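1. Sharing a sequence plus its predicted fold:
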Amino acid sequence: MHSMDMTHYMELLASNQPWNLLIFMVVPVVLAEYIAITELQVLFTRNFSSPWRITNRYAGIAAGLYFLGVFLYLFFTAVVPLTTTGGWRGPADVIAVGGYLLGIVPLGGMALLELGVIGKGLDQIGKLKLHAIFVAIFLVVAHVAMIFGMLNPTLL
């Protein structure tokens, strides 16, 4: 497939196999899915000292810090050059990359929550609710990125 037939998001994942797929998709998605699964356990049991909650906390911090690195790398090596040179392949391309990079908001928020930077005035239930909201937001933006990323960018 010619690169103009795919978004930069899909081209990134398809290039440099298997490394780009591992770095930009597998690591963040596995961390996010682990967080989502353990989040359910914590939501159902309300056991805030269980091994599930403890590993959920560390996975949230790791996901936020890891994705901050991914965000900064892609912002400066892809978004800025594509924007300054007019290299975007259409709206689907911008939505796919933008949706992917928006993952920094919930993942970064989750890490800040786990590190005690935000949500200081919340009790355990309030923090649990905010954490669950961050998980939900990440799932939405990640799926927007995947859906628009799979489109032929010339369709929109």
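-> Sure, I can see it. Numbering: from 1, shown residues only.
2. Packing partners of the longest helix seen in the chain?
-> If you go by DSSP state H, the chain has its longest helix at helix 124-149. Secondary-structure packing of helix 124-149 (3 or more CB pairs under 8 Å, 6 or more residues apart in numbering; DSSP states H and E): helix 8-14, helix 27-45, helix 91-101, helix 104-114. Where you see a C-beta, it was placed from the backbone N, CA and C, and this is true even at glycine.
3. what's near enough to touch the residue nearest the centre of the chain?
-> Geometric centre of the chain, nearest residue: residue 103, 3.4 Å, by CA atoms, centre = their mean. Neighbouring residues of residue 103 by CB atoms under 8 Å, 6 or more residues apart in numbering: 28, 67, 71, 138, 141, 142, 145.
4. repeat that with 7 Å
-> Going by CB atoms under 7 Å, 6 or more residues apart in numbering, residue 103 touches 28, 67, 138, 141, 142.
5. Kindly report the same for residue 5.
-> By CB under 7 Å, 6+ apart, the neighbours of residue 5 are residue 152.
6. Just give the number of residues close to residue 122.
-> Residue 122: 14 surrounding residues under other CB atoms under 10 Å.
7. Quick check: phi and psi at it.
-> phi -90, psi 150 (degrees, to the nearest 10).
8. and the residue lying closest to it once chain neighbours are set aside, how many neighbours?
-> Once flanking residues are discounted, residue 122 sits nearest to residue 130: 6.6 Å by CB to CB, 6 or more residues apart in numbering. By the criterion of other CB under 10 Å, residue 130 has 16 neighbours.
9. oh, and call the first residue 38 from now on, that's how I've got it
-> Okay, using 38 as the starting number, the last item reads as residue 167.
10. Residue 167 contacts residue 155, correct?
-> No - applying CB atoms under 7 Å as the test, residue 167 and residue 155 come out as separate, 8.1 Å apart.
11. Low-confidence regions, the protein specifically.
-> Where the chain drops to pLDDT under 70, the residues are 38-41.
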